[in-house]
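In: The following block contains a protein sequence and its predicted model.
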Number of protein chains: 2
Amino acid sequence: MPTTEASAEARVRILGIDPGSTVTGFGVLERAGARVQHVAHGTVRQARNASLAERLATLQAALAGLIATHRPDVAVVERVFVAASPRAALVLGHARGVALAAIGSAGLPLHEYAPSQIKRAVTGSGSADKRQVQAMVQHLLALATPPPFDAADALAAALYHGHAGPLAALFARRAPRARGRANRGPRFVVRRK
Amino acid sequence: MPTTEASAEARVRILGIDPGSTVTGFGVLERAGARVQHVAHGTVRQARNASLAERLATLQAALAGLIATHRPDVAVVERVFVAASPRAALVLGHARGVALAAIGSAGLPLHEYAPSQIKRAVTGSGSADKRQVQAMVQHLLALATPPPFDAADALAAALYHGHAGPLAALFARRAPRARGRANRGPRFVVRRK
């Protein structure tokens, strides 16, 4: 079950990162009490004609820059769902290692959640596809345009972290047995102002 | 077939890195003409009680420091031999990604060779164990004590890069058909001064 560092009224900046071998998505949210607001999102695209070392160096510099710009208090990255081949896992591991090193270098606490946990909370289904996550993230954060898929995944991870604590508590009071396993996590009931 | 950047008398500093999930080995050699000399070697050990992000941040900082201290011209890392599980590949990928990002950040050309290629050149057997690599690296570089295993692997990779160009050419002249596949690489015939 996720926990949060925030007291009810403290502002907490949450950086979500979705590392990928060619595109890494990011999203920054700010939580103040029970409200979560969008701050920024985007992608770091890695030139296909650059070497792997150059691409990872670009990613490292971009993430360090993002952290310096947005000064998050915590970082959130998806726990890796290892169904892929060793080759795919290795390639993903390279980008994920660079992301975790950037988070560690900035001294940020890191939270990891299973992708299915995040998807279930954001869309209602643990097996939602990228389009559904994108649409729900756009809706929940009232974004004018749909975020790129990788940024949407990063925003979803940040959203999950931002809401999980208070909503989990709320949910536990309202419907203690309704959802089966306790660690399934809450669906969001987002209040707009 | 490996190539080298060096003309006959140019000095080239070669950094070998052997990334690992808990210990990363490194070795620095300097090649001047046909001679290769030991400069430094060691390991970066990652505290077991630190988080993965902290450990990767430590590795990133240590490698950046090594590069700043020794100012290598090129870097050498083993090409990954993917026989491991996706989980093991992911874990190795994290450390390897950080190492490649450090190399890319410093603008160093990166050379990758198969472990079997390096072992065959250094020990005569592509399936040599860690002890054999350690012993041959100690011997070839005239080190007073055996280097730690991970540092020995890094030194072996650097040695292979340092010698492969000129020895490959020498070997091609002397015994063009003797070794079967052309890309097997040479065994070393190291001259001490």
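Out: Good, I have the coordinates.

In: What helix or strand is the residue in chain A positioned nearest to chain B located in?
Out: Taking Cβ to the nearest Cβ, chain B has its nearest neighbour within chain A at A:Gly93, 1.9 Å off. Heads up, the C-betas are built off the backbone N, CA and C, glycines and all. Assessed by DSSP states H and E, A:Gly93 sits inside helix A:86-105.

In: show me where pLDDT drops low in chain A?
Out: A:1-9, A:81-83, A:164-193 (pLDDT under 70).

In: And the helices in it, which stretches?
Out: With helices called from DSSP state H, chain A shows them at A:52-70, A:86-105, A:115-123, A:130-140, A:149-174.

In: now those helices in a markdown table, with mean neighbour count?
Out: Putting the helices of chain A into a markdown table (neighbours: other Cβ atoms under 10 Å in any protein chain shown) gives the following:
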| stretch | mean neighbour count |
| --- | --- |
| helix A:52-70 | 20 |
| helix A:86-105 | 25 |
| helix A:115-123 | 22 |
| helix A:130-140 | 18 |
| helix A:149-174 | 23 |
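
In: Using JSON lines, lay out those helices together with distance to B:Phe149.
Out: Formatted as JSON lines, these follow (distance: least, Cβ to Cβ, whole Å):
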{"stretch": "helix A:52-70", "distance to B:Phe149": "24"}
{"stretch": "helix A:86-105", "distance to B:Phe149": "22"}
{"stretch": "helix A:115-123", "distance to B:Phe149": "36"}
{"stretch": "helix A:130-140", "distance to B:Phe149": "43"}
{"stretch": "helix A:149-174", "distance to B:Phe149": "38"}
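
In: picking that back up, now find how far off-centre the helix holding A:Gly93 is within its chain.
Out: Relative to its chain's centre, helix A:86-105 lies at 15 Å (Cα atoms, centre = their mean, to the nearest Å).

In: and that helix with helix B:86-105, angle?
Out: Relative orientation of helix A:86-105 versus helix B:86-105 (axes from the mean of the first three to the mean of the last three Cα atoms, to 10 degrees): 60 degrees.

In: Only alpha carbons, please: show helix A:86-105 as PDB.
Out: In PDB, the C-alpha atoms belonging to helix A:86-105 read as follows (Å, rounded to 0.1, in the frame of the first residue of the first chain):
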ATOM      1  CA  PRO A  86      16.400 -11.000 -21.500                       C
ATOM      2  CA  ARG A  87      17.400  -8.700 -24.400                       C
ATOM      3  CA  ALA A  88      14.400  -6.400 -23.900                       C
ATOM      4  CA  ALA A  89      14.900  -6.400 -20.200                       C
ATOM      5  CA  LEU A  90      18.600  -5.400 -20.700                       C
ATOM      6  CA  VAL A  91      17.700  -2.600 -23.000                       C
ATOM      7  CA  LEU A  92      15.000  -1.300 -20.700                       C
ATOM      8  CA  GLY A  93      17.400  -1.700 -17.700                       C
ATOM      9  CA  HIS A  94      19.900   0.600 -19.300                       C
ATOM     10  CA  ALA A  95      17.400   3.500 -19.400                       C
ATOM     11  CA  ARG A  96      15.800   2.700 -16.100                       C
ATOM     12  CA  GLY A  97      19.300   2.600 -14.400                       C
ATOM     13  CA  VAL A  98      20.000   6.000 -15.700                       C
ATOM     14  CA  ALA A  99      16.700   7.300 -14.400                       C
ATOM     15  CA  LEU A 100      17.200   5.800 -11.000                       C
ATOM     16  CA  ALA A 101      20.700   7.200 -10.800                       C
ATOM     17  CA  ALA A 102      19.300  10.700 -11.600                       C
ATOM     18  CA  ILE A 103      16.800  10.200  -8.800                       C
ATOM     19  CA  GLY A 104      19.400   8.900  -6.400                       C
ATOM     20  CA  SER A 105      21.800  11.700  -7.300                       C
END
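
In: picking that back up, gap between the residue of chain A closest to chain B and A:Arg13?
Out: As judged by Cβ to Cβ, to the nearest Å, A:Gly93 and A:Arg13 stand 27 Å apart.

In: Identify the residue spatially nearest to the most centrally placed residue in chain A, adjacent ones excluded.
Out: Geometric centre of chain A, nearest residue: A:Ala157, 2.3 Å, by Cα atoms, centre = their mean. What sits nearest to A:Ala157 in space, not counting adjacent residues and going by Cβ to Cβ, 6 or more residues apart in numbering or on different chains, is A:Gly16, at 4.0 Å.

In: ditto for A:Pro109
Out: Counting by Cβ to Cβ, 6+ apart, A:Val74 is the residue found nearest to A:Pro109 once chain neighbours are left out, at 5.0 Å.

In: Pretty sure the one you found sits against A:Arg11.
Out: No - using Cβ atoms under 8 Å, A:Val74 is not in contact with A:Arg11; the gap is 11.9 Å.

In: ok so, going back, and the angle for the helix holding A:Gly93 with helix B:52-70?
Out: 80 degrees.

In: just checking, what packs against helix A:86-105?
Out: For helix A:86-105, the packing partners by 3 or more Cβ pairs under 8 Å, 6 or more residues apart in numbering or on different chains; DSSP states H and E come out as strand A:11-18, helix A:52-70, strand A:74-78, strand A:110-113, helix B:52-70, helix B:86-105.

In: Nearest to A:Val133, out of the ones you listed?
Out: Of all these, strand A:11-18 sits nearest to A:Val133, with 10.4 Å by Cβ to Cβ.
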